[in-house]
Structures are given as C-alpha cells and as structure tokens.
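[1] dropping a prediction and its sequence here:
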Amino acid sequence: MERDYPLEKVRNIGIIAHIDAGKTTTTERVLFYTGVSHKIGEVHEGETVTDWMEQERERGITITSAAVTCFWTPTYEAAADKSKKHRFNIIDTPGHIDFTVEVKRSLRVLDGAVVVFDGVAGVEPQSETNWRYADEAKVPRVCFINKLDRTGASFEHSYATILDRLSKKAVRMQIPIGLEEKHEGVVDLLRMKAYYFEGEMGNQVIEKEIPEELKKEAQGYHAELVEKIVETDDTLMTEYLEGMTPDLEVLKKTLRKAVINNDIFPVYSADRRHRPEYGREGGAARIGCGTVFSARIQSRHRPVCRPTHFLSGLFRNTFCRKLRLQSQDQEQRAHRAHLAHARQRPRGNEKSFRGRNRGGGGPQRYHHFRYYL
C-alpha cells in the first residue's frame, strides 16, 4: 500500500528544553501555523493541546511527553504545491527535572530535536541534562533561542552560553533584527536575506534585503558560517582555501550532512509578545517558527537517515528489557508458588536448606526465593 507521505517527507522531531523556556507554547504555535488548530492555547490558561492531563492543566507544567502530527510546506516553496508538503511528528517533552525520564525515553525514537533556550537566561541546568541525553542517543539538534522580545534578552549572550556550556560546534544561522520590544524579524546568514513576519499572528513570511545597519555584522557572521560548513568536508575545504566560494546549494548539502553527523548545531532565533493575542507567558515563537520548520526540512533528519547500529541497538535493548521483565515475572511467580506451598506443609516436618532444624519441630524460615529458580 502506497504511503500518503513517504519516509523521505517525514520528520520525527522532539522539542526539549529547561522548564519555562517555551516548549509547549512553541508547539502550540506550530500547530496553529500549520493549520492543525484554529486557536492558540496558553499554558497558564490550561488550553494547550499537548498538556492533556488534568494535573498539567492545573499546574501549568508538562508532566508527560505528548505526540502530535502536523503538515508543513517550506517557506521557500510555493504553498500551493502539495508535493512539497512534509509530515511532522512532534513530541513535546517535560522540562522539569522530576520528569526527565520522559525526555530520555523520547530521544530514543527521534530523528532530530529542537532545543529551546530562554533568550534572557541562555543555557540552564536542565538544558545541559537534556543535551547529554541527546549526545547519548546521537540525535541531531537545532538550537532555538526564544523570548528575544523580553526585557534583558540577548541573542549573543545566549549563543555564548551554548558555546561555553554545551558545544563549540554551534553556529549562528540567523541573527535577530532588533531586541526586546524592537524585535521585528531575523537575518538568514546562509541566504543573506532578511525575513519579517507580518499579517495576523505573523503567519506571512516576507523576504527583504538586510537592513543597512546590520549588513557589516551579517557579512562577518556569514563568512564564519561558511568556514564552519566547509571545515566538515575535506574537498570543499581545499577548494575554499584556493579561493573558490561554494554556491548556496553545495553549502546546503554539506550543512545537511554535518548536522546529521552532529558536526554542526545550527542556532536560530524567535520571540514572544507581551500582548493578549500573543500570550502573556511562555515563548510564543511568533517570529521564527516558519524558518525553523523549513530548516528541519532542509536538514532532512528522516527516519531513513538513522544509522543502522542505532536501530539494532534499540531493538536489542527492547528485546533485553523484555527478557528481563519475563525473568522478573518468573521470579515473582516462583516466589508466590513457594509461599503457597510453605503454608500448606505441616510445621513439624519442615526442613531448612542447611539440614534439619536445630530446634526440633519448630517452624523454620525459608531463605530467599531465588534458591528455587
């Protein structure tokens, strides 16, 4: 039977972060922009899709991982072209340390992850924990610096904390246009274009030229990005040192390989709005969701890209866990059978495992039930 969406057009991604970085609210914006939901729910109002438990809605936190599905056409493609549409299976994970096991088990089935950071705080303790889990599972990652419209927000500070505390492989893919209340859009450092998000709830992506005051800074970061990309390919690096600059398509293909191999972690930006229509709390990610989704499509973290040793290890671990559970179940059944047999035997004729009872006809306690396995 033919699939509606072949594996080449499927992306299984997870959203991981420290608590209150904006994971659930970002997921809610994703569902809204992709047309799955027609109203943006807020965490503090208990109206989000992925916070389905009563306890989650009462407390305003995520307790269990929740999976949702949406569909997205890249912003650089014609929206009417249905053949370009991709399927996204998204897992929204908890950020609280008490429920960190939900993150760890989710990472085992993901093709890629979006790591959300607070634009003011940068890397936080649970960010480091989740990053280590992703390292263990060898999951490709995209960094998403959120809440850049908050007072005190700094993209450069958050980016510096990623380099200092997580990985030196992180590289800017975007820089914000303005900060705090003046945040208007982002500059794509690979295409060297500016993107503004207009219309109702920022659902229209408008491409423009880079503002004059940001051109010099963007050119410097563009050169740094190109160097990071070509460093991952020896042939490309040789050509680059000889003075040849790779074109955009070659850079995209090389970046895709580098991201899948965890040689590069792209860093994107987003904001929220302190307005009723954009949400008072959490990262609304009104600016930036579309570009990150398009990046996930370009990086092509497809299920077919997962290494075979990962799948064999996953199946092996699952099989071993099944055997372990069966062994535990057998032990429990043997223990219950032994106790039932002990209650039926006459007390005066009981024997210990070391020989006859020293006290004569008194009851003898049995040793651990593992003796009978």
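    Yes, it's here.
[2] doesn't residue 144 belong to a strand?
    Yes. Under DSSP: H, G, I helix; E, B strand; the rest coil, residue 144 sits within a strand.
[3] isn't it up against residue 27?
    No. The criterion here is C-beta atoms under 8 Å, and residue 144 misses it with residue 27 at 11.7 Å. From N, CA and C alone the C-beta is placed, and that goes for glycine too.
[4] for residue 94, helix, strand, or coil?
    Once three-state DSSP is applied, residue 94 turns out coil.
[5] renumber starting at 649 from here on
    Okay, residue one is now 649; in that scheme the one you just asked about reads as residue 742.
[6] where does it fall, phi/psi-wise?
    phi -70, psi 160 (degrees, to the nearest 10).
[7] now do the same contact list for the residue nearest to it when sequence neighbours are not counted.
    Once flanking residues are discounted, residue 742 sits nearest to residue 710: 4.3 Å by C-beta to C-beta, 6 or more residues apart in numbering. Counting by C-beta atoms under 8 Å, 6 or more residues apart in numbering, residue 710 makes contact with 671-672, 698-699, 704, 740-744, 747.
[8] which of those residues sit farthest apart?
    698 and 744 (14.6 Å; C-beta to C-beta).
[9] among the two, which residue is more densely surrounded?
    Between residue 698 and residue 744, counting by other C-beta atoms under 10 Å, residue 698 is the more crowded of the two (23 against 16).
[10] thought the more buried one was touching residue 673?
    No. Here residue 698 does not reach residue 673: they are 10.0 Å apart, not a contact under C-beta under 8 Å.
[11] sorry, back to before: out of the contacts of residue 710, who's nearest residue 772?
    residue 743 (9.0 Å).
[12] ok, how many other residues are close to that closest one?
    26.
[13] tell me the pLDDT of it.
    We have a pLDDT of 86 for residue 743.
[14] now it: closest residue in space, sequence neighbours ignored.
    residue 667 (3.6 Å).
[15] what's that neighbour in contact with, if anything?
    Residue 667 sits in contact with 709, 742-744, 774, where contact means C-beta under 8 Å, 6+ apart.
[16] and these as JSON lines, adding distance to residue 835?
    Converted to JSON lines, those look like this (distance: C-beta to C-beta, whole Å):
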{"residue": "709", "distance to residue 835": "34"}
{"residue": "742", "distance to residue 835": "33"}
{"residue": "743", "distance to residue 835": "29"}
{"residue": "744", "distance to residue 835": "34"}
{"residue": "774", "distance to residue 835": "30"}
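[17] looking at these, which one is closest to residue 916?
    Nearest to residue 916 among those, with distances taken as C-beta to C-beta, is residue 743, at 18.9 Å.
[18] distance of that closest one relative to residue 831?
    Distance, residue 743 to residue 831, using C-beta to C-beta, to the nearest Å: 23 Å.
[19] just residue 882 next, same as before
    Taking C-beta to C-beta, one finds residue 882 at 39 Å from residue 831.
[20] number of nearby residues for residue 785?
    Count around residue 785 with other C-beta under 10 Å applied: 18.
[21] read off the pLDDT value for it.
    91.
[22] and residue 851, by the same measure?
    68.
[23] residue 684 now?
    Residue 684 is assigned a pLDDT of 80 by the prediction.
[24] is it true that it touches residue 736?
    No. Look at residue 684 against residue 736 with C-beta under 8 Å: they stay out of range, at 9.9 Å.
[25] what is the neighbour count of residue 779?
    Neighbours around residue 779, by other C-beta under 10 Å: 21.
[26] what comes up buried for the helix or strand harbouring it?
    Applying DSSP states H and E as the criterion places residue 779 in helix 773-785. Neighbour-count burial for helix 773-785 flags 774-775, 777-779, 781-782, 785 (criterion: 16 or more other C-beta atoms under 10 Å).
[27] tell me which strands and helices that helix is in contact with?
    strand 658-665, helix 748-755, strand 760-766 (3 or more C-beta pairs under 8 Å, 6 or more residues apart in numbering; DSSP states H and E).
[28] need the residues that contact the last one.
    Residues from elsewhere that reach strand 760-766 (C-beta under 8 Å, 6+ apart): 659-666, 668-671, 674, 755, 771-772, 775, 778-779, 782, 787-795, 806, 809-810, 931, 940, 944, 947, 949.
[29] re earlier: how about CSV for the contacts of residue 710, with distance to residue 878 added?
    Formatted as CSV, the contacts of residue 710 follow (distance: C-beta to C-beta, whole Å):
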residue, distance to residue 878
671, 33
672, 38
698, 39
699, 43
704, 45
740, 35
741, 34
742, 38
743, 36
744, 41
747, 41
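[30] the more surrounded of residue 684 and residue 736?
    A count of neighbours by other C-beta under 10 Å puts residue 736 above the other of residue 684 and residue 736, at 21 against 15.
[31] wait, that one sits on residue 720?
    Yes. Taking contacts as C-beta under 8 Å, residue 736 lies within contact range of residue 720: 6.0 Å.
[32] just the closest of the buried residues of helix 773-785 to residue 904, please.
    residue 782 (18.2 Å).
[33] that closest one contacts residue 756, doesn't it?
    No. Residue 782 sits out of contact with residue 756 when judged by C-beta under 8 Å, with a separation of 10.6 Å.
[34] quick check, nearest of the contacts of residue 667 to residue 912?
    Of those, the one sitting nearest to residue 912 (C-beta to C-beta) turns out to be residue 774, at 23.3 Å.
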